[in-house]
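>>> sequence first, then the predicted structure, then my questions.
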Amino acid sequence: MTLTLTHYLVLAALLFCLGVYGAITRKNAIGILMALELVFNAVNLTLVAAGRFRPQPDAVGQLFALFVIAAAAAESILGLAIILAIYRRRVVVNADEMDLMKN
Amino acid sequence: MRFPFLTAIYCLPLLAVLIIFCFPARCRVAIRMVALVSSVAALAMTVLLFFWYDRVAGGLQFVEKVPWVSTLGISYFVGVNGINVILLLLTGIIITAGVLASWEVAHRQKEFFILLLTLTTGVFGVFMSWNLFLFFLFYEVAVLPMYLLIGIWGTGRKEYAAMKLTLYLMAGSALILAGILGLYFAAGQRSFDLDLLEKAAYDPVFQRVFFPILFVGFGILAALWPFHTWSPDGHASAPTAVSMLHAGVLMKLGAYGCLLVPMTLLPDGARFWLPMVALLSVVNIVYGSLGATAQKDLKYIVAYSSVSHMGIVMLGLSSMNGTGIGGAVLQMFSHGIMTGLFFALVGMIYGRTHTRMVDEQGGLASRIPVLAAFFVLTGLTSLGLPGLSGFPAELAVFIGAFRAYPVVTVVCTTGIVITAFYVLRLLQRLFFGVRRNTNGAAFGDAKSAFGDAKSAFGDANTVEFIALALLMLFILAVGLYPMPFVRVIGSAVAPIAARLGGM
Amino acid sequence: MADPVVLALAVPLCPLAAFALTWLLARGRPAAGAALSLPAIALSFVLSAVMLWGQVQAPGAIQADIPWMPAGRLSISMGILLNPLSALMMVIVTGVSLLVQIYSLGYMRGDPGFARFFSYLSLFSFSMLTLVLADNFILLYMAWELVGLCSYLLIGFWYEKPEAARAAKKAFVVTRVGDLGFLVGILMLSLLAGTFDFAGVARFIGAGSVPQGQVTLVVLLLFCGAVGKSGQFPLHVWLPDAMEGPTPVSALIHSATMVAAGVFMVARLYGIFQESADALRVVAGLGAFTAVFAAAIALAQDDIKRILAYSTISQLGYMMLALGVGGYGAGLFHLTTHAAFKTLLFLGAGSVIHAAGTNDIRQMGGLARRMPVTTVTFAVAVLAIAGIFPLSGFWSKDEILEAVRAGGHPVLYMVALGTVFLTAVYMSRLFFMAFTGASRGEGAHESPAIMTVPLLILAVLAAGLGMLGSPWVGRGIHGLLDPAAPRPVLNMGILVLSNGLAAAGILLALVLFGGRAGARAAHARKAGPLYSLLANKFYIDELYLLLIRALFFSLTTAVAWFDRHIVDGTVNLVGGASKMGGALLRRTLSGKIQGYALIITCGALAALAILLAAGLGLFGAWLTGPGILGPGGAGR
């Protein structure tokens, strides 16, 4: 059995759903961040696979994935920094309780 | 390459902003000295510009033109005609006096001067831009710092006033932006340069649709009735220097915009709509002066009188002939300085009596004779006394407007009687009559004399005196011999009047 | 001989220099104010006299101007026009100014605002002389406003007195109402004639190309200015209140010079006024009415200065009447003589007030013994204004009567004669009540020489000036003003009639008011409602106050309300509506970030589902076809 594009896409879709599910249901903010990483990686997997299975395979898909990884890293750092800042001020990491913007 | 004279003018306050940024906030003296030096230098340059401008040749001079975003027709294009020269001079005078009037600002002085000078940069820029994109850019720079200046350093209902003013001006900006884009596409020149836009032939229907959009957009800033209510609240709440700059210069910026963009570029629209503007200006003049009569707060009185006097500017613009428009520009200059003086004096009096309510003061003439003398002269300017700058300006406007709309003009002249009434009543209550105590200081021993009053608070100090004298100097200059000013203005107004079909 | 233009310019510029120097140099040095002001006005007087002499020798107009401001096709210039009329006025203005300033040295001694007072007087002299010399409407209007300013400053000179401050404001605003008409008239001229030059306008209107109705309208509008400035009905209300100012000011500005500016203006523009017979009729009618109206009010006043103020209004009405019926020379002659005897009356009144410490003639009495010089000079002035032969008032008043009679205006003639009688009555009443009878003011004493010498000079003038118009000095003043004027003759009929009326008036006053205070009060009671009507000045002030309250102030209040609630209300409504909208939408947000994430996910899924469904053709051609708004879309 050879791996076709479909296999990769199904795997990516599963990963994506898992990530979204995690991001919506986790209470812990760090957990949400980790779940978001899953979503990013699902996208990366899609990009790389799509690049690989083009009629003339090239590195464009991988290039995009690299960009995403870089952006994701920056995003995680920012997210963690915000969480830390909130933790310092309010001693919570629970996303439900972070509703300062509401009031 | 020639020295970029105009760029240097607006770069002076900008430079001062950058220098002040570098100072720590505790260097209070250094900060205000930097602000003063830059504004005095800018004033000196605008005075030089006034003398160096070739009033015989007229037209656009001191041009600097550099392509910027060529694909969109955006260029860095600055230059001055006679009107710009006058308004740049006005800005230079007002900002210098404004900095002097803010000498004692205590709260967040560094930020105050940064914002004030940023605002000045924008105003200078607007008065020399000949590319509409650049114009709009500077325009926004001039309008935005106002929100913070009023919101932070204001008094009374300052948040309400600041928000109201900003939203009003933003609404005006939105209309202006829409109008500018409309012009850009209708002209089909792929250029924002005014000289190119001026040559384009616009469809008459387009002109009739876009003239009110642009005119109202700018007119809001000039307190065109019924879009004037930001002015009393805003001016009353703003700190002294900001009121001076706003009423003295920014309102003129609105009238200048009306003249520069819709009236020059859309003559057919102007001929269609300007009679309507004349009617609105009657309302401005009479309604403004009646409003001023009813007010009890000094700043509100001055603000409503500004509404009334800007009506005279609008009346002059709507006359469509050189005399009226030239008079309107002279009135912009005159009123700018006059209202600057008014707000400076109100600030100084407030600083002494700690009230702006007219009813709570009285008999101040013997306690602060110098301030009183300046106030009386300013009041006389506002009621159009000959020998002071208000007279030639109003006379020219009335002569010009009478040719276009005799009946309307006659109604407008009643405004000068009402103005005389409320100004003199104000003088009477504030300075004459029985002295009234407001802050518990003992007096009654003060003798009314030729400047030898003894009182609990002092008369004008040196800094205040210089600020007031600077402004008064120009009021007298224009009032006694308006010829140089009128000729500079006339060189720029004549082509506009010719386009509108009146001479 | 120097250039006459330079000399003429020097006349107004001397006092201006004195004014400027006083403010620059004399701060805190009161004496310096007078030291600058007096020589300046003396020099002006000498120069004016030289001018007048030159005009007497060789009458002729001298004109010179410089451009001041271009206004489209029009050019506004600053220029002077020296002719016999302006030369005469210059001498009157500088002469009265000089005497009043000398008098003020005594009257204002020790006042803390001494220097300020003299600087204002100098500014006034400058403005008034400019007014007299102006050769065009704009400069005339400018000077017109400037004398109004000086009047404002000097009425309110003692600004700590609330009445003075109020009177100053009233004077300025009321005259401004008249000036409004003046300004509109000038604007109309700018449109009609295309020039502001007096000669140019007169030539243009004289050419007859302007419709008669428009000429009348313009002339009447210009006349509005004169009505305001010369205190003619219905704008006379400011002049009596203006008496709050120092008495020398009343003498200078509010009797002899500034208030005569209205008469002067009509005379200066007589060529234009003559183009409209209707307008002249209005001038004459209004003048006659004002003359008798103000004289009647003067009968019942008790404040010495207010009596004189109403007398001034009445006499100015007389001059207007003269001009209106064509008595150009007569009106100006009366202006000249009036300047002498009215200044004398005011300065005498100042002397009396100085001595008696009150303005109320009911509290004076018996001053004759204590103040001989003042009494004698005052008596001369009273006889002069009453028109007793051969004092100056007689000559000028009789000429006016003659002009009215010759002009064929029987009604106006009767009114003018009635005014002669009333004038004699109220002036004698004033004299008898203040100077004769029982003595009341104990500390009263004669004023110092610095004040009495000007009184004596003026008394000589008040007695003798009339000779200029008598048959015994050739054509006198008339030859100067109007080369075509005939040699005056003594009209015996009018002489007897007017002197008889005046003598009757004086006798009546002697009978009524020569006696004791109790008797006077009884007369007042007997007169009943008529007396109170006169004493309250026909309730005109009250009427105006009522109108201003009812119309003007309610209008301002309405505007303030409208602005606050309607205009601003709309603005706040828009703001409030946006806020409300925001508050409503705000409810939909929980503030929980994961809730938002869920919504985003669901939305994304829904979008995906729609796309998928469209791809699979579930919507038919509805979405993928030509489009919802496409031409074929609606039909399927």
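All right, it came through fine. Residues are numbered from 1 along each chain as shown, chains lettered A, B, ... in the order given.

>>> is the longest helix belonging to chain A up against chain C anywhere?
Counting by DSSP state H, the longest helix found in chain A is helix A:60-90. No: under the criterion of C-beta under 8 Å from any C-beta of the partner chain, helix A:60-90 makes no contact with chain C; the nearest approach is 11.1 Å. The way it works is simple: take the backbone N, C-alpha and C, and place the C-beta from them, glycine included.

>>> OK, contacts around B:G248?
Listed by C-beta atoms under 8 Å, 6 or more residues apart in numbering or on different chains, the contact set of B:G248 reads B:L90, B:I94, B:G98, B:H335, B:G336, B:I337, B:T339, B:G340, B:F343.

>>> list the buried residues in the least confident helix or strand in chain B by mean pLDDT.
One helix or strand of chain B scores below all others by mean pLDDT, DSSP states H and E: helix B:194-199, with a mean of 84. Under the neighbour-count criterion of 16 or more other C-beta atoms under 10 Å in any protein chain shown, helix B:194-199 has B:L194, B:L196, B:L197 buried.

>>> and of those residues, the nearest to C:V5?
B:L194 (48.0 Å; C-beta to C-beta).

>>> nearest residue to that closest one other than its sequence neighbours?
Counting by C-beta to C-beta, 6 or more residues apart in numbering or on different chains, B:L194 lies nearest to B:W130, which is 4.7 Å off, once chain neighbours are set aside.

>>> mean confidence for the longest helix of chain A?
The average pLDDT within helix A:60-90 is 89.

>>> surely B:M472 is in contact with B:F374?
Yes: if you go by C-beta atoms under 8 Å, B:M472 and B:F374 touch, sitting 6.5 Å apart.

>>> these two: which is more packed in?
Higher neighbour count among B:M472 and B:F374: B:F374, with 24 against 20, using other C-beta atoms under 10 Å in any protein chain shown.

>>> so A:L80 sits against A:M34, correct?
No: the pair A:L80 and A:M34 does not pass the contact test of C-beta under 8 Å, sitting 10.6 Å apart.

>>> check which helix or strand B:V376 maps to.
When elements are defined using DSSP states H and E, B:V376 is found to belong to helix B:369-382.

>>> swap in B:G151?
Here B:G151, judged by DSSP H and E, is contained in helix B:145-153.

>>> repeat that for C:L81.
Element membership of C:L81, judged by DSSP H and E, is strand C:74-82.

>>> overlap of the contact sets of B:M472 and B:F374?
Shared contacts of B:M472 and B:F374 (C-beta under 8 Å, 6+ apart): B:L341.

>>> on that earlier part again, what's the mean pLDDT across the strand holding C:L81?
Strand C:74-82 shows a mean pLDDT of 87.

>>> ok, residues contacting it?
B:323, B:395, B:399, C:4-5, C:8-9, C:51, C:55, C:61-70, C:133-136, C:138-139, C:190, C:194-199.

>>> could you list which of those residues belong to strands?
Taking DSSP state E as the definition of strands, these contribute C:I62, C:Q63, C:A64, C:D65, C:I66, C:P67, C:W68, C:M69, C:P70.

>>> could I get those residues as JSON lines with distance to B:L6?
Output for the ones in strands among the contacts of strand C:74-82, formatted as JSON lines (distance: C-beta to C-beta, whole Å):
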{"residue": "C:I62", "distance to B:L6": "49"}
{"residue": "C:Q63", "distance to B:L6": "45"}
{"residue": "C:A64", "distance to B:L6": "42"}
{"residue": "C:D65", "distance to B:L6": "38"}
{"residue": "C:I66", "distance to B:L6": "34"}
{"residue": "C:P67", "distance to B:L6": "31"}
{"residue": "C:W68", "distance to B:L6": "31"}
{"residue": "C:M69", "distance to B:L6": "28"}
{"residue": "C:P70", "distance to B:L6": "27"}
